[in-house]
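In: I need the structure of the sequence given here:
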Amino acid sequence: MSQVSRSERPISSTGSLIKEAARRLLIEHGVAGVTLRAIARELGLTAPALYRYYRSHSQLLEQLRGEISVELADELSEDVARLPDDGIGQFFAVCRGFRRWALAHPHEFGLVFASVSTEQSSAPLTGANEPFGRVFITSMAGVLVSHELAGLPDDLVPSALRNDVAKFRETVLDTLARDGVRIDPNRLPLEVAFLMVQYWIRIYGHVTLEVFGNFPMRLAQPDMLFDAILAELARELGLGAL
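Out: Next up is the predicted model:
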C-alpha cells in the first residue's frame, strides 16, 4: 500500500502531526529548536498554517509539556506498583525514577522542569496539571502514614514562611484527597510540610545540576552521591539506613 502524501493527510490528523514533529525537534535540538518555522518545514506546511491548530507557539509547548509530564508520572507509577507498600521504599523509587528519567530525557526535562511556563502559574510540584507533582506528593504521604517520624522542633519553619507553608500544606491535603488518599491532617503539621518542600528542592536541585553537567566536581560514580542524599533524608526522618 502506498503512503499517503502530506497533501492527502486528513485535516483532523494535522494537529497530532504537529505535536509529533515538535517532540522530535525537542529531542534532537532542545526547547530552542522547537520553532514554528522548523515544524512547518518538517510537515511541508507554511508557518502561518500552524495557527489553525495552535493559537500560539506557547500553547503548543504547553500541550507538549503536559503530555510529557503524564508520561513521566505513568512511568514512576509503574515503578511504585512493583514495590511493597512500605512508604519509604516507594518514595525513594519515585526519587530514583525521576533522576533516571531526567538523565535519559534531558531535553524533555528541560521543557517540563527547567523552562518558564507561559500558560499557567502553578509550580511543577503541586499544579493540578502536573501529574509528577501528584506522584511525588502521594509517595511522600505514604511515608507519613507508614512511619512515625522523628520529633521536629517547633521553630523549624521560619516565622516569615509559615503562611506560605500553611498554604502549601492545604494544597498537599487537597491534592491527596482528589486522588483518593486520605491521611490524618495531624500527620502533616507545618514542620513536615516544610520538610517536603525542602526535600523536593534538594532532589530537584541535585538532578538539575547533574542533567546540565554543573556538579562542582567530577564523579566516577554519580549514583552513589544521589543514594547518599536519599540516605541522609532517611536519617533526618528517623527511618534509619536504607
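In: list the contacts for Val172?
Out: 126, 137, 141, 188, 193, 196 (C-beta atoms under 8 Å, 6 or more residues apart in numbering). The way it works is simple: take the backbone N, C-alpha and C, and place the C-beta from them, glycine included.
In: so it is in which element?
Out: If you go by DSSP states H and E, Val172 is part of helix 162-178.
In: cool, Glu148 as well?
Out: Secondary structure (DSSP H and E) places Glu148 outside all helices and strands.
In: hang on, the earlier thing: let me see the mean pLDDT of the helix holding Val172.
Out: Per-residue pLDDT values over helix 162-178 give a mean of 90.
In: list the buried ones in that helix?
Out: By neighbour count on 16 or more other C-beta atoms under 10 Å, the buried set for helix 162-178 is 165, 168-169, 171-173, 175-176.
In: a markdown table for the residues you listed, including distance to Val34?
Out: Putting these into a markdown table (distance: C-beta to C-beta, whole Å) gives the following:
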| residue | distance to Val34 |
| --- | --- |
| Val165 | 36 |
| Phe168 | 32 |
| Arg169 | 36 |
| Thr171 | 30 |
| Val172 | 33 |
| Leu173 | 37 |
| Thr175 | 30 |
| Leu176 | 34 |
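In: closest one to Leu50 out of those, please.
Out: Distance to Leu50 across those (C-beta to C-beta) is lowest for Thr175, with 34.5 Å.
In: just the pLDDT for the residue nearest to Val145 when sequence neighbours are not counted.
Out: Closest residue to Val145 in three dimensions, ignoring its sequence neighbours and counting by C-beta to C-beta, 6 or more residues apart in numbering: Ile183, at 5.5 Å. For Ile183, the pLDDT comes out at 83.
In: correct me if wrong: Ile183 contacts Leu144.
Out: Yes. Applying C-beta atoms under 8 Å as the test, Ile183 and Leu144 come out as touching, 6.1 Å apart.
In: please say which of those two ends up with more neighbours.
Out: Using other C-beta atoms under 10 Å as the criterion, Ile183 and Leu144 rank with Leu144 on top: 20 against 15.
In: check contacts around the more buried one.
Out: Counting by C-beta under 8 Å, 6+ apart, Leu144 touches 87, 183, 187-188, 192.
In: hmm, which of these is lowest in pLDDT?
Out: Taken together, the contacts of Leu144 show their lowest pLDDT at Gly87, with 77.
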